[in-house]
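> Generate coordinates for the sequence data below:
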Amino acid sequence: MRSSVDFETIAETVLNMFDRHYSIFLDITRGAKQRFVLQDWEADRVASRQRITLYQKRVDEACDQISEQFDLSNVDKELWRNVKRVYVTLLYEHRQPELAETFYNSVFTRSFAHRYYNNDNLFVRPALSTAYLTGSNPAYKSYYPMKINLTECLQEVLRQCDVGLNFANFDRDVSYLTDQLQYILKTTRKYTDSYQIQVLTPLFYRNKAAYIVGRVLNGAHFHPFVIPLLHDENGEVYADALLSESKDITNLFSFARAYFMADTEVPSAVVNFLHQMLPHKTAADLYTSIGLQKQGKTEFYRDFLAHLRHSTDQLVTSKGTLGMVMTVFTLPSYPFVFKVINDRFAPPKRVTTHLVKEKYQLVKMHDRVGRLADTLEFSHVALPLNRFSEDLLESLKQRIPSSIKIEGDMLIIRHLYIERRLEPLNLYVDEVRGDKLEGAFVEYGNAIKELAEANIFPGDLLLKNFGVTTNCRVIFYDYDEIELMEDCNFRKIPAPENMQQMMASEPWYSVDEKDVFPEEFLLFVSSRVERKELFMKHHKDLLDVDYWRAVQERIRAGVIGDVFPYDKTNRFQNIYDGRILPKK
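Take a look at the predicted model:
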């Protein structure tokens, strides 16, 4: 074992382990192209799970290697200041310096107690700017329609996307894209003669699609667009749509979606491009969307600390029904909720802390199809004690005493989940009427159906377990009772054989843990006749056991259904009513 003062070697070891990690990360990511070509969707799901678990494995490996080589039994403050200083110099001209800083933080916090987490030892703020960082290849390519014409420009865009397959009808797709983009240009702000089209070099792969991500630049104004590429029945590809509405592109990059596979040699360049397209998305949102969720956590935490410094409101209990499994609180001025697993679970809940963590991990690993809220998971989070309201602090002491500790003027939370704050569906439907109320129940049923197709049964279908986004999209966010669809046993309720059974307050038939009775689902909707009628109008099939068994059969047969992350009315086949241009 070497001396603990060898800070240069420690810094080099951490960076070498990060470089190894990111090399493996990119290898998995770059495999998305071949998986798309082969339509090997199961391999894609496996790769997605591998990529999520990769980071912690590499951090653990780095910690083990350092502890084997160096004596870390006594933490020397001067030593770790020197390690950090050397580490910064090693990052000069590095292509992923912000990710390498986060990796360093992970190695340090994994190795030492919380009391050593400070600005001297950690990258609480970034040490290097990534504003103009570039790699060996440009992050995006520019096209100038006014020098040639829009059609020829879009032909070049499709030819250079390198999807690895032939287009089923190249001229048709270019014609559709030209029509749609011309319409966008005519119906938005006046475009100058010097406008250009900029397209990200990497394709974005997710589920059964590859996406071309671009923007029209007109002076200082950006107009984003995304082109989804899908397979036809012959294995060739076609452009399915041109998405340009903010709500459609926002949904594509939603926190309720699985992470994209995008080849990012310089991730900051891709994130900067996306941020100009989607200015309402944070750096945390965008890093997370391309699979760099640890960097997303870092960006989130920095933003949250800055918000705390520039706000004065207090953390309070979140509105809605008090959770039996989680204690949930929020900062009203900040659009997130903080969730901690309760010490005890009130009946009828029959879960354990370990099981709840497993459910959250299942959601992290699974295809969320735009219907499951992603979570940021933190350990040993220190928050200013004076920012907790008295009522909330008392509630935390009663409900989660084993998860909190007060050290001086800080409250330390041992394990914490953070999610985007949503309006609880049960409260939302109390406030809306007419089309909005009907739309809420349409979305509620669609959420259940899309989750089912993704092999997820929510378990508890009460409205309080679903939330509504600002775009009126319904998301499920209570995970302690979710099950894989293939593990459920969907049954019909047996007909009573006598009056005694008919009048019984409890089921007279056996019920196993995995049994599900769809006929009962209407009880979860509401006791109000109007709401039941809306549900029956749009989603009566959810009460039919045969519907659920048919979904199960498709899942068990390996069939992966189509769940479009955009409105089907945007699809060219719907816009053009089947008009097909001939191949050339």
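
> Surely Y144 is in contact with V216?
No: in this structure, Y144 sits apart from V216 without contact. The criterion is Cβ atoms under 8 Å, and the distance is 11.5 Å. All C-beta spots, glycine's among them, are computed from the backbone N, C-alpha and C.

> which residues do these two both contact?
Listed contacts common to Y144 and V216 are 196-197; contacts here mean Cβ atoms under 8 Å, 6 or more residues apart in numbering.

> Tell me which of those two has more neighbours.
More neighbours surround V216 than the other of Y144 and V216, with 21 against 12 (other Cβ atoms under 10 Å).

> quick one: secondary structure of that one?
Using DSSP: H, G, I helix; E, B strand; the rest coil as the criterion, the local structure at V216 reads strand.

> Helix or strand next in line after the helix or strand bottoming out on mean pLDDT in the chain, which one?
Of all the helices and strands that make up the chain, helix 499-502 has the lowest average by mean pLDDT, DSSP states H and E, namely a mean of 75. Note on helix 499-502: by DSSP states H and E, the next helix or strand toward the C-terminus is strand 515-516.

> Give the rounded mean pLDDT of the helix or strand sitting right after that following strand along the chain.
Toward the C-terminus, strand 515-516 is succeeded by helix 522-525 as the next helix or strand (DSSP H and E). Predicted confidence along helix 522-525 averages 90 (mean pLDDT).

> Now do the buried residues in the helix or strand just after helix 522-525.
Tracing the chain past helix 522-525, the next element assigned as helix or strand by DSSP H and E is helix 529-539. Buried residues in helix 529-539, counted by 16 or more other Cβ atoms under 10 Å: 531, 534-535, 538-539.

> Only the buried residues of the following helix or strand past helix 529-539, if you could.
Reading on from helix 529-539 to the C-terminus, the next helix or strand found by DSSP H and E is helix 545-556. Judged by neighbour count (16+ other Cβ under 10 Å), helix 545-556 contains these buried residues: 547-548, 551-552, 555.

> who's in contact with the residue nearest to T353 when sequence neighbours are not counted?
Setting aside the residues directly before and after it, T353 is nearest to I341 in space (Cβ to Cβ, 6 or more residues apart in numbering), at 5.3 Å. Counting by Cβ under 8 Å, 6+ apart, I341 makes contact with 325-326, 353, 356-357, 400, 403, 415.

> Could you tell me the model confidence score at I341?
I341 carries a pLDDT value of 95.

> What's the separation between it and A495?
I341 sits 41 Å away from A495, taking Cβ to Cβ, to the nearest Å as the criterion.

> now do L315
When L315 is compared with A495 (using Cβ to Cβ), they lie 52 Å apart.

> Looking at those two, which has the bigger crowd around it?
Neighbour comparison, L315 and A495: the larger count goes to L315, with 21 against 8 (by other Cβ under 10 Å).

> wouldn't the more buried one be in contact with V381 here?
No: distance between L315 and V381: 11.8 Å, which falls outside the contact criterion (Cβ under 8 Å).

> model confidence over stretch 253-261, on average?
Regarding stretch 253-261, the rounded mean pLDDT is 95.

> quick check: domain ranges of this protein?
Under the assignment named as automatic domain parsing, the residue ranges that make up the domains of the chain are 7-116, 140-307, 311-421, 425-563.

> ends of the second one, how far apart?
From the first residue to the last, domain 140-307 extends over 32 Å; the measure is Cα to Cα, to the nearest Å.

> Please apply the same query to the last one.
With Cα to Cα applied, domain 425-563 spans 22 Å between its terminal residues.

> where does it sit relative to the chain's centre, distance-wise?
Between the mean C-alpha location of domain 425-563 and the chain-wide mean there is a distance of 23 Å, by Cα atoms, centre = their mean, to the nearest Å.

> Also the first one?
On the basis of Cα atoms, centre = their mean, domain 7-116 is displaced by 21 Å from the centre of the chain it belongs to.

> could we number from 2 for the rest of this?
All set: I'll call the first residue 2, so the last point we hit is now domain 8-117.

> What subset of the contacts of I342 is buried?
Neighbour counting with 16+ other Cβ under 10 Å marks 326-327, 357, 401, 404, 416 as buried within the contacts of I342.

> picking that back up, comparing the domains of the chain, which comes out most buried?
The highest mean neighbour count among the domains of the chain belongs to domain 141-308 (a mean of 19), with neighbours defined as mean count of other Cβ atoms under 10 Å.

> Show me where the stretch 352-501 of the chain has its helices.
When secondary structure is read from DSSP state H, counting those that start in this stretch, the stretch 352-501 of the chain shows helices at 354-366, 391-400, 426-432, 435-454, 500-503.

> How about the stretch 2-151 of the chain?
With DSSP H, counting those that start in this stretch as the criterion, the stretch 2-151 of the chain has helices at 8-31, 33-39, 42-70, 78-91, 98-112, 151-160.

> can I assume T328 sits in a strand?
Yes: the assignment for T328 by three-state DSSP puts it in a strand.

> Now do the same contact list for it.
340-341, 343, 396-397, 400-401.

> okay, it: pLDDT?
Looking at T328, its pLDDT stands at 95.

> Relative to F477, how far out is it?
Shown here: T328 relative to F477, a distance of 19 Å by Cβ to Cβ.

> swap in G324?
G324 sits 14 Å away from F477 when distances are taken as Cβ to Cβ.

> How about H311?
Where F477 is concerned, H311 sits at a distance of 33 Å (Cβ to Cβ).

> any low-confidence regions in the chain?
Under the criterion of pLDDT under 70, the regions of the chain flagged as low confidence span 2-6, 73-78, 114-120, 188-194, 578-585.

> and A132, how many residues sit next to it?
By other Cβ under 10 Å, 8 other residues sit near A132.

> was I right about it contacting N273?
Yes: distance between A132 and N273: 7.2 Å, which falls inside the contact criterion (Cβ under 8 Å).

> ok now do G468, which residues does it touch?
With contacts taken as Cβ under 8 Å, 6+ apart, G468 has the following neighbours: 374, 423-426, 475-478.
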